[in-house]
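Asks: Take this sequence and fold it.
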Amino acid sequence: MAELIVVGDRVLIKPHTGEERTSSGLVVPATVAGQQNLRNGRVVKTGPGYLTANPEYSETESWKQSETPVRYLPLQAEEGDQAFFVEKEAIELRYEGEEYLIVPHQAIVALVRQNEDDPPSEDPSDTTLDDIDDLLDE
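Replies: Take a look at the predicted model:
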């Protein structure tokens, strides 16, 4: 089977398509949540990062071992993160029967990362914007 490779500063996201629940217990249907400018989903894969020149590379020093003239600065998003991103920047992609979104890293406005010490939540896609407000208030 072929491997899907995400390039550059892009992030592959499995969008959350179900209902969202606010901190007060109000359930927001997916049809209403989709009308907002922000969407959320689980980060599946990330590209290598931002392409930049390698300061250690020199064409004039032929005695040095061959190095690549470019280097990648890694992205902040990591696999497994819950990402909130600007919807209009996303590109829809269907791969092996699954729906995904390719999002430029700059379109991600917030990430929720599970602490290693915390037990995993029952449904990590239940994170809402209200939950982020609660995290920021702590």
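
Asks: and the strand of greatest length in the chain, which strands flank it?
Replies: Longest strand in the chain, counting residues (DSSP state E): strand 38-46. Paired with strand 38-46 in the same sheet, following DSSP bridges, are strand 10-15 (antiparallel), strand 82-86 (antiparallel).

Asks: So what touches the longest one?
Replies: So that's strand 10-15. 4, 6, 39-47, 75, 77, 83, 85, 90, 93, 98-105, 108 (C-beta atoms under 8 Å, 6 or more residues apart in numbering). No exception for glycine: its C-beta is placed from N, CA and C like everyone else's.

Asks: Counting neighbours, which bits of it end up buried?
Replies: By neighbour count on 16 or more other C-beta atoms under 10 Å, the buried set for strand 10-15 is Arg10, Val11, Leu12, Ile13, Lys14, Pro15.

Asks: Go through those and say which is closest to Thr52.
Replies: Nearest to Thr52 among the buried residues of strand 10-15: Arg10, at 16.0 Å, using C-beta to C-beta.

Asks: leaving aside the residues next to it on the chain, what's closest to that closest one?
Replies: Leaving out its chain neighbours, the residue that sits closest to Arg10 by C-beta to C-beta, 6 or more residues apart in numbering is Gly47, at 4.7 Å.
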